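In: okay, sequence plus prediction incoming.
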Amino acid sequence: MATRIVEPEAGPRSKRAAILAAAVDCFGETGFEATKWSSVAERVGIGQTALYHYFESKTHCLLTIMRLELKRSHDKFTETTADVTDPVEALRAAVRVAYDVSDHEVLQMRILHNHMDLLAGPRKSKREEAERVEARRLVQLVERDWTNLLVRGMSMGVFPLRDAQLLGAGVLGLIVSVWRWYRPSGPTPLSEISELIEGACVRMVAT
């Protein structure tokens, strides 16, 4: 049975948020494998041993980042589409909010989608396994929400009848593929990419 995750209270002396932010910067810019655990400590201004008060390993920290990013994405989707009755508008809104992100959140998503394979197999550490199991649950929720959006559109006769689960996976795959190559310093603004992907998703689903 997996250990239940209880988010620690963010007290004034807690370094957990600062460690997570520094780890996102390091893993997102340098890569997880190339980042030394001590480099994260240096960014925060603490000794390396202090990291272990919050995370038992670099991988534990990575899995926590992935789980938190999945929760953020899921919550934004739910909040944005909850009161949108038109399926086409709900689809457009869901795509737009996926790209309504800060540069820091771009790094979080890059980390998440570069390490999805980490969620496939069980971890020996109880704390790592708890993060992995919860992240997998959130992945399933995200996939379910997108499938349900498409099913609703099909049931209303707005979208042609297709395999909603397969189509949802295709739409999600198109959306998240951007995080592998997009860089905020690149020549194409995220708003332009968002508009392009939004149109592509609507054409995939509604025609």
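Out: Sure thing, it's come through.

In: for this protein, which helix is longest?
Out: Selection of the longest helix in the chain by residue count, based on DSSP state H, yields helix 126-155.

In: buried stuff in whatever helix or strand comes next after that one?
Out: Of the helices and strands lying after helix 126-155 in sequence (DSSP states H and E), the nearest is helix 164-181. Residues of helix 164-181 classed as buried by neighbour count (16 or more other CB atoms under 10 Å): Ala164, Leu167, Gly168, Gly170, Val171, Leu172, Ile175, Val176, Val178, Trp179. To be clear about C-beta, it is placed using only N, CA and C from the backbone, and glycine gets the same treatment.

In: how far away is the fourth one from Val178?
Out: Between Gly170 and Val178 the distance is 14 Å, computed by CB to CB, to the nearest Å.

In: quick revisit: any chance of the buried residues of helix 164-181 in CSV, with pLDDT and distance to Lys71 too?
Out: Supplementary listing: the buried residues of helix 164-181 in CSV, determined by pLDDT from 0 to 100; distance: CB to CB, whole Å:
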residue, pLDDT, distance to Lys71
Ala164, 97, 24
Leu167, 97, 24
Gly168, 96, 19
Gly170, 96, 23
Val171, 97, 20
Leu172, 96, 16
Ile175, 97, 17
Val176, 96, 16
Val178, 96, 20
Trp179, 95, 17
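
In: which of those lies closest to Pro187?
Out: Nearest to Pro187 among the buried residues of helix 164-181, counting by CB to CB, is Val178 at 14.4 Å.

In: now the closest one. Nearest residue, chain neighbours left out?
Out: Leaving aside its chain neighbours, Val178 sits nearest to Ile193 (6.0 Å; criterion: CB to CB, 6 or more residues apart in numbering).
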